[in-house]
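S.K.: Just to be clear, the model below is a prediction. Sequence and coordinates:
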Amino acid sequence: MWASFSPVLGVMKFETAPLTFENWRRLSWMGIDWLQDAGGFAMVGLVLWILNGLRNPIYDHLPGGKKRNRLVGPGMLLAAGIALTLYLVAFGLTFIVADETPATRRSDFLGHPLSRMAIGLELALAAAGLVALIGFGGPFVRDCFRLRWGRIYALAKLSFKEAVRRRVVWVFLAILLVYLFPARWFFQEKPEDELKSIVGVTTRGMNVLLVSVGLLLAAFSIPNDIKNLTIHTIVTKPVERFEIVLGRFFGYLGLVTAALLGMTGLGLLLINLGNVSKEASEESMKARVARYGELDFVKVAGRQKASSGDFTGVDVGREDTYRRYIAGHPQSPQRAVWTFASVPAGYEKAGHVPLEFAFDIYRTTKGEEGAGVQVTFELLTHQWDPTKKIADPLNPGVQISMEDGYNRDSQGLANVKKEDANWAKVDAVAERYGRFVYRNFQIFDYHTASIDVPSGLFKNAAAGTPTSPAESGAAPRSVSRLQVQAKCETPSQFIGAARYDLYFLESEGNFSVNYFKGSIGLWFRLVIALAIAVACSTYLAGVLSFLTAMFLFIGGFFLDFIQELARGMNIGGGPLESLARLIKNNTATVELDPTPTVRALQMFDGAYRWLLRRVMNVIPDVDRYGLTDYVAQGFSIGPDFLLLNLITLVGYVLPWLVAAYYLMKAREIAA
Amino acid sequence: MAETAVADRPVATHPNVGEVIVETHNLTKVYRDFWGRKKKVALNALDLQIKRGEIFGLLGPNGSGKTTTIKLLLGLLFPISGEATVFGMPAADVRKNERIGYLPEESYLYRFLNAEETLDFYGRLFDMPSEVREKRAAELIRLVGLEQDRRRTLREYSKGMRQRIGLAQALINDPEFIILDEPTSGLDPNGTIWMKDLIRQLRDQGKTVLMCSHRLDDVQAVCDRIAILYNGDLQELGEVDTLVEDAVRVEVRAVNLRLTDALRTDLESVIEKHGGKVESFGHPMTTLEDLFKKVVEESKARPGRRWLPAADGKS
């Protein structure tokens, strides 16, 4: 998931959909990818450890004169053998898959169309990774049961005290205090963006300073212990080497967590005491719990929807292609349609449910000064069928079409608000027909707006099973329970919409609680930084550990670009090809002549990309944990979202800790 | 120095005195460079046994392999061949450290901690309950004479004070086997005497001490057995008294005698009658340490200046 800070609109911008438990296919793929990636590294570690253990064995002498290699057990050897066999199978399958053509039969595998051999390849790699993880991680898990939390606590407390008494932490915290002051003291901005700026500036400050201090402390701790020989007095106690690693890790984590909590609390206090403007308060001092639908762009003809595959929205030429646009006109057939497969039970009893939205306006003419663009919203349930005959509620025994009935019963009820006396009638009409229309709502750029939807509509949507009418003997198709159609009414203007630009507001959480939840994302980043730094410090010198951890962490913010480079999707080729272009003064889009030199350079770039794809897996996806964007935009961070992020965090950090375990175990402390 | 709690304890011997608790077979350590090439043979096929209840001295010039041996026993280094066991467990097994105490050559302690915090920290590493830890820490601080300075950080300590708190951390778990690397380093003469007395007391309690020192007089005074290393090889091993005994010379000490010519003549004739030859006669010398001890004790008993210059101005 990548969410960007978009101060111009009061909505979340997700380049990829946020992770949820409902998206089990995506979660399954993430699991398979993790097994393959982490398993690959585990296999490399397993092979190196076995070679080291056989070359430099440490023997336990057993009764009967036998001896046993402490470092390499039969389980490890067996796991390595099985994993190697599976990798060989996968290697063979690679060639078969490479020879496949588009005509090769494919079936759906977790949402991806793959051939049987391709499925076999994915599963073989995952299985090999799993076996390698078991072989390499087995001793780690076994030794975890020997760990004593009392000793880890003692080492953590030592680390905490050392960092506090060193005073470097206080210097960083003093600098951080500056970031807590209101942003408006430093620069001018729109009142409604004030809170977003405060949250954004504070978060960036804490990001940089807390991560820096964490990296410094963690990267130098064990190397300094080894250099100063203080570690001699620890490893000569009954302390497992890995307890030293965990002690340092938890000690510094405790310190930066305390600093983060303090800074977050102080920041929140300053926000609450800082007289945030009314506009900012309404825009962002919220914690919206939103329910999103799936977005489609359609052209309607009369009352029938045309095939959505023909129309995917208009590209107005903006560089950012996140949104697609629909043209405005009273007779425009273009619609942006959000469909909701289900509606929560609570909606039926709520009385009304706000529908919030914020669209981008693309003007082809200047239009009227100070006026917005008008949008009509039409909400339809699966039971709405304009031509269907129903019993007339006013004339028993008489049949009337739903459309005629709706038009008659909704006379004088246009754009009624929930406070109006006629709201009950609007609710009843919506429940009876499954339709609700709000005409000519005026939207403005850079503002979130809202209309209230009567609960009766949701009662109608919740009833029955949503299927389309059977056609020519075919089985009924499942359709959504509710759809929201947006139409731009203002001629010569376009409105741009993305999936997350419109949502039902399920509830409002507490801003302060959400503010703290936003800090959890920063805490996740701190965990990553500390884990990398401590793991590197078990083998590298302090400076090298710091630089390695820092580059990996910063690289996480550019992971998308690195992935493009690694997959060859960037423009201009790899580094050597780019160098050739520079020398020859060729632009990035020009195809180079396929001379032997160019081919050789491209081949080396291919090798570079292969290496980068391996290294890419080591770079953390730190952007995923940018939760404060939710806080800045006023959206609640759900517990399931936090849980999923925690799971992915553990999936990334655990291999580093296993690496630290082995590096520390193999290290001659006194060498 | 305060009277020690250790001295107040009843002297007891371990039921297994004489049992081998440290054993090395063919223990070899070679330092290699990054490419795996041999750089130095630090220890070459060392075969050694240390028995329970003895004070064992490890001697040798710089670079002889003494410290390497200690580090191999402690698991700080891994041998390239051979094996070392402590209490029957491989040297690399951390469980053996439950029964070991180690005083490094330099006091490698955390200087931002004070004495109480230091001992509390190391006590926690042995999973000692807090009451036991506090009591033990207080006892050891008293033993090493740092009660007045227990709240000062180690950064403010002198070398001798750091050495003493280093000893305290080595004894925090009441170990059975104590490794002391240059234990008297940084101590004044009183401290040295105290340290040697303490080492003997530890032995009397049935503990085993491995001592590494350049101060040969200290080693001779306290050790039961010694090993001498040179260039990684074991050159000599045995009981101190046996090794330093000069088997071809006889020394006689007598009291209530002054050396007269008549006595000298009689002694010469007896010795020559038995085939020997007199090398020297004279009154025996006491050691400088004994003189120092005597002067300090007398000064404590009678404060004030004792030595006065002679009336004629000569010393």
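M.R.: All right, it came through fine. Source: prediction; values computed, not measured.
S.K.: going forward, measure contacts between C-alpha atoms and count neighbours the same way
M.R.: Fine.
S.K.: Make sure B:E279 is indeed in a strand.
M.R.: No - going by DSSP: H, G, I helix; E, B strand; the rest coil, the assignment for B:E279 is coil, not a strand.
S.K.: Count the neighbours of it for me.
M.R.: If you count neighbours by other Cα atoms under 10 Å in any protein chain shown, B:E279 ends up with 8.
S.K.: and what of A:P594?
M.R.: Residues near A:P594, counting by other Cα under 10 Å, number 10.
S.K.: In a strand, B:I21, correct?
M.R.: Yes - counting by three-state DSSP, B:I21 falls inside a strand.
S.K.: Not counting its neighbours along the chain, what's nearest it?
M.R.: If you skip the residues right next to it in sequence, B:I21 has B:F87 as its closest partner in space, 4.7 Å away by Cα to Cα, 6 or more residues apart in numbering or on different chains.
S.K.: I'd guessed that neighbour sits against B:N97; true?
M.R.: No - assessed by Cα atoms under 8 Å, B:F87 is found out of contact with B:N97, at 9.8 Å.
S.K.: which of those two has more neighbours?
M.R.: The neighbour comparison of B:F87 against B:N97 (other Cα under 10 Å) goes to B:N97, with 24 against 19.
S.K.: That one is in contact with A:T233, isn't it?
M.R.: No - counting by Cα under 8 Å, no contact exists between B:N97 and A:T233, whose distance comes to 10.9 Å.
S.K.: beta partners for the residue sitting nearest the centre point of chain B?
M.R.: Nearest residue to the geometric centre of chain B (Cα atoms, centre = their mean): B:M211, 4.4 Å. Under DSSP bridges, the beta-bridge partners of B:M211 are B:G57, B:L180.
S.K.: what about it, distance to B:D218?
M.R.: Distance of B:M211 to B:D218, given as Cα to Cα, to the nearest Å: 10 Å.
S.K.: With A:L93 instead?
M.R.: Look at A:L93 and B:D218: by Cα to Cα, they are 73 Å apart.
S.K.: same question, B:V255
M.R.: 27 Å.
S.K.: circling back: OK, contacts around the residue nearest to B:I21?
M.R.: B:V20, B:I21, B:V22, B:K96 (Cα atoms under 8 Å, 6 or more residues apart in numbering or on different chains).
S.K.: so which of these would you say is closest to chain A?
M.R.: When the contacts of B:F87 are ranked by distance to chain A (Cα to the nearest Cα), B:K96 comes first, at 7.2 Å.
S.K.: neighbours around that closest one, how many?
M.R.: B:K96 has 21 neighbours, counted by other Cα under 10 Å.
S.K.: need the contact list for the residue nearest to A:L505 when sequence neighbours are not counted.
M.R.: Leaving out its chain neighbours, the residue that sits closest to A:L505 by Cα to Cα, 6+ apart is A:A290, at 4.8 Å. Neighbour list for A:A290: A:Y503, A:F504, A:L505, A:E506, A:S507, A:F635, A:S636 [criterion: Cα under 8 Å, 6+ apart].
S.K.: looking at this, A:A290 is in a helix?
M.R.: No - applying three-state DSSP, one finds A:A290 to be strand, outside a helix.
S.K.: Stretch B:131-147 near chain A at all?
M.R.: No - applying Cα under 8 Å from any Cα of the partner chain, one finds stretch B:131-147 separated from chain A by no less than 12.8 Å.
S.K.: Check which residues of that stretch are buried.
M.R.: B:133-134, B:136-147 (16 or more other Cα atoms under 10 Å in any protein chain shown).
S.K.: Stretch B:240-254 now?
M.R.: Result for stretch B:240-254 [16+ other Cα under 10 Å]: buried residues B:V240.
S.K.: any residues touching it, and which ones?
M.R.: B:Q220, B:C223, B:D224, B:R225, B:I226.
S.K.: if you set the cut-off to 6 Å instead, what comes out?
M.R.: Around stretch B:240-254, the neighbours that count as contacts under Cα atoms under 6 Å, 6 or more residues apart in numbering or on different chains are B:D224, B:R225.
S.K.: Could you measure from B:V219 over to chain A?
M.R.: Separation of B:V219 from chain A (Cα to the nearest Cα, to the nearest Å) stands at 24 Å.
S.K.: Likewise for B:V248?
M.R.: B:V248 sits 45 Å away from chain A, taking Cα to the nearest Cα as the criterion.
S.K.: How is chain A partitioned into domains?
M.R.: Chain A breaks down into these domains under automatic domain parsing: A:24-144, A:149-282+A:510-666, A:289-508.
S.K.: Quick one: the ones you listed as CSV, columns for mean pLDDT too.
M.R.: Below are these laid out as CSV (pLDDT from 0 to 100):
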stretch, mean pLDDT
domain A:24-144, 88
domain A:149-282+A:510-666, 87
domain A:289-508, 85
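S.K.: So which of those domains is the most surrounded?
M.R.: Per-stretch averages of neighbours, counted by mean count of other Cα atoms under 10 Å in any protein chain shown, single out domain A:149-282+A:510-666 among the domains of chain A, with a mean of 19.
S.K.: starting at the chain centroid, how far to that domain?
M.R.: The chain centre lies 16 Å from the centre of domain A:149-282+A:510-666; the measure is Cα atoms, centre = their mean, to the nearest Å.
S.K.: I'd like the distance between the residue nearest to B:G65 when sequence neighbours are not counted and chain A.
M.R.: In space, and not counting its chain neighbours, B:G65 is closest to B:G232: 4.9 Å by Cα to Cα, 6+ apart. Relative to chain A, B:G232 is positioned 16 Å away (Cα to the nearest Cα).
S.K.: Quick check: B:G232 touching B:N44?
M.R.: Yes - B:G232 is in contact with B:N44 according to Cα atoms under 6 Å; the separation is 5.3 Å.
S.K.: between the two, which one's more packed in?
M.R.: Neighbours per residue (other Cα under 10 Å) separate B:G232 from B:N44, with B:G232 holding more: 24 against 19.
S.K.: what's that one in contact with, if anything?
M.R.: B:A42, B:L43, B:N44, B:S64, B:G65.
S.K.: what's the distance between the fourth one and B:F56?
M.R.: Okay, so that is B:S64. Separation of B:S64 from B:F56 (Cα to Cα) stands at 17 Å.
S.K.: C-alpha coordinates for stretch A:212-220, PDB please?
M.R.: Extracted as PDB, the C-alpha positions of stretch A:212-220 are listed here (Å, rounded to 0.1, in the frame of the first residue of the first chain):
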ATOM      1  CA  SER A 212      18.600   8.800  13.200                       C
ATOM      2  CA  VAL A 213      19.100   8.400  16.900                       C
ATOM      3  CA  GLY A 214      18.000   4.800  16.900                       C
ATOM      4  CA  LEU A 215      20.300   4.000  14.000                       C
ATOM      5  CA  LEU A 216      23.300   5.700  15.800                       C
ATOM      6  CA  LEU A 217      22.700   3.900  19.100                       C
ATOM      7  CA  ALA A 218      22.000   0.500  17.600                       C
ATOM      8  CA  ALA A 219      24.700   0.500  15.000                       C
ATOM      9  CA  PHE A 220      27.500   1.400  17.400                       C
END
